[in-house]
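S.K.: following is a predicted model, sequence given first.
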Protein chains: 2
Amino acid sequence: MDVATLMLIAYRAMDERVISAMREAGYDITVAQARLAQRIAEDGSRLVDLAEQAQVTKQTASMLVAALERQGLVERVPDPTDGRARLIRFTAAGQDAADRAREVVMGVEQEWNDHLGPHLASALREALTSLRELVDPYQ
Amino acid sequence: MDVATLMLIAYRAMDERVISAMREAGYDITVAQARLAQRIAEDGSRLVDLAEQAQVTKQTASMLVAALERQGLVERVPDPTDGRARLIRFTAAGQDAADRAREVVMGVEQEWNDHLGPHLASALREALTSLRELVDPYQ
DNA sequence: TATGATAGTCAGTCTTACTGACTATATTGG
DNA sequence: CCAATATAGTCAGTAAGACTGACTATCATA
């Protein structure tokens, strides 16, 4: 089995854990929505920036933001520095959800680390970080 | 950045490499099709088995097989041991495509190993294999 | 042999993705 | 200074890939 497929297996397991924990907490978030929301900066982000970071078109990003907005998790406010743009930022409820999701991710990662042991866990992170530099050179 | 997201970044890079190499070689394969095709056994596989292994419903699997069939890469033959079932197996052209895809995957993995060095590369594989046992206990 | 399980299809829906065309605002070069 | 161009975002339309539910045909078994 190739390492990329092994990565997908682990990634999917994380996804399922996060989505199901969020569902239990009363949030109805999809994977794509979470992936976008993850990128929203503290002081708000522009749609195009979110789209670029999440590697989707701005139309797709717009739709995902709309879904998050319908659930009251994010809001769109005019960008004071650019009349064309609007800033997407978390509402209080959205911030709570984001905090909760982060906790779950860290919890699962801790489980993984416990399973692997400190040596292998740190090697995994080091290898993945190094691979990122290879495959995703900009940042 | 959490390790799961780092895994996704690397996985996507692999996906893109394989899909674009296949496209250059004249195959018009999607990621989902490739994921399913990867699971087709030498002597043919049943739809339900492919669906289970690829973690999709049998309806989805059926659609993906139909797409592969339209491109002449797989064929469905009656299962001699079970009148309800049909076996999905590669055509000669499909086998060529699968071989080509495997080469690309191995090539990219080799690049990754060269970048990481033997020590980190083997730690990465070991960690991912170990994680798989944690998150995907059946096989 | 009647009953339930299994293999697969058909129909319909939803989410996520795309392209193309568009409006509104900013920026910049002549 | 303003015409040309770039950028931010939306709207419309389409497609892939995923789902559920309902169905037929075949198999296994009590």
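M.R.: That came through fine.
S.K.: whether the top helix by length along chain A contacts DNA strand C - can you check?
M.R.: Among all segments of chain A classified by DSSP state H, the helix with the greatest residue count is helix A:92-135. No - interface with DNA strand C: helix A:92-135 contributes nothing (CB under 7 Å from any atom of the strand), its closest point being 14.5 Å away. Placement of C-beta: from N, CA and C, glycine included.
S.K.: and that helix, is it in reach of chain B?
M.R.: Yes - Helix A:92-135 is in contact with chain B by CB under 8 Å from any CB of the partner chain, via A:105-106, A:108-109, A:111-112, A:115-116, A:120-121, A:123-132, A:134-135.
S.K.: and for stretch A:4-14?
M.R.: Yes - using CB under 8 Å from any CB, stretch A:4-14 reaches chain B at A:Ala4, A:Thr5, A:Leu6, A:Met7, A:Leu8, A:Ile9, A:Ala10, A:Tyr11, A:Arg12, A:Ala13, A:Met14.
S.K.: quick check: which ranges of chain A have low pLDDT?
M.R.: Applying pLDDT under 70 to chain A flags the ranges A:137-139.
S.K.: still on that earlier bit, centre of the chain to the longest helix of chain A, how far?
M.R.: Distance of helix A:92-135 from the chain centroid (CA atoms, centre = their mean, to the nearest Å) equals 12 Å.
S.K.: angle of it against helix B:92-116?
M.R.: Orientation of helix A:92-135 against helix B:92-116 (axes from the mean of the first three to the mean of the last three CA atoms, to 10 degrees) gives an angle of 90 degrees.
S.K.: just the buried ones out of the residues of helix A:92-135 next to chain B, please.
M.R.: A:105, A:108-109, A:112, A:116, A:120-121, A:123-125, A:127-128, A:130-132, A:135 (16 or more other CB atoms under 10 Å in any protein chain shown).
S.K.: farthest pair in those residues?
M.R.: Greatest spacing in those, by CB to CB: A:Val108 and A:Val135 (23.3 Å).
S.K.: what does chain A put close to DNA strand D?
M.R.: Residues of chain A lying near DNA strand D (CB under 7 Å from any atom of the strand): A:46-49, A:58-59, A:62, A:65, A:76, A:79, A:82, A:84-87.
S.K.: mind checking which of these are buried?
M.R.: Looks like the residues of chain A next to DNA strand D have A:Arg46, A:Leu47, A:Asp49, A:Ser62, A:Val65, A:Arg76, A:Ala85, A:Arg86, A:Leu87 buried, using 16+ other CB under 10 Å.
S.K.: which residues touch the closest residue to the third one other than its chain neighbours?
M.R.: Right, the one you point to is A:Asp49. In this structure, A:Asp49 finds its nearest non-sequential neighbour in A:Arg39, 7.7 Å apart by CB to CB, 6 or more residues apart in numbering or on different chains. Contacts for A:Arg39 (CB atoms under 8 Å, 6 or more residues apart in numbering or on different chains) come out as A:Ser45, A:Asp49, A:Leu50, A:Gln53, A:Ala54.
S.K.: how about A:Arg39, secondary structure?
M.R.: At A:Arg39 the chain is in coil, as set by DSSP: H, G, I helix; E, B strand; the rest coil.
S.K.: so it versus A:Arg132, what's the distance?
M.R.: 16 Å (CB to CB, to the nearest Å).
S.K.: kindly report the same for A:Arg86.
M.R.: 30 Å.
S.K.: regarding the residue in chain A positioned nearest to DNA strand C, what is its secondary structure?
M.R.: Residue of chain A nearest DNA strand C, by CB to the nearest atom of the strand: A:Gly83 (2.3 Å). Going by three-state DSSP, the secondary structure assigned to A:Gly83 is coil.
S.K.: give me the contacts around stretch A:63-70.
M.R.: Counting by CB under 8 Å, 6+ apart, A:30, A:32-33, A:36-37, A:47, A:50, A:56, A:74-76, A:88, A:94 sit against stretch A:63-70.
S.K.: okay, that stretch in CSV with CA atoms only?
M.R.: Taking C-alpha atoms only, stretch A:63-70 is exported to CSV below (Å, rounded to 0.1, in the frame of the first residue of the first chain):
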residue,chain,number,x,y,z
MET,A,63,-21.6,28.7,-1.6
LEU,A,64,-19.9,27.2,1.4
VAL,A,65,-19.8,30.6,3.2
ALA,A,66,-23.5,31.0,2.4
ALA,A,67,-24.2,27.6,4.1
LEU,A,68,-22.2,28.6,7.2
GLU,A,69,-24.0,31.9,7.2
ARG,A,70,-27.4,30.2,7.2
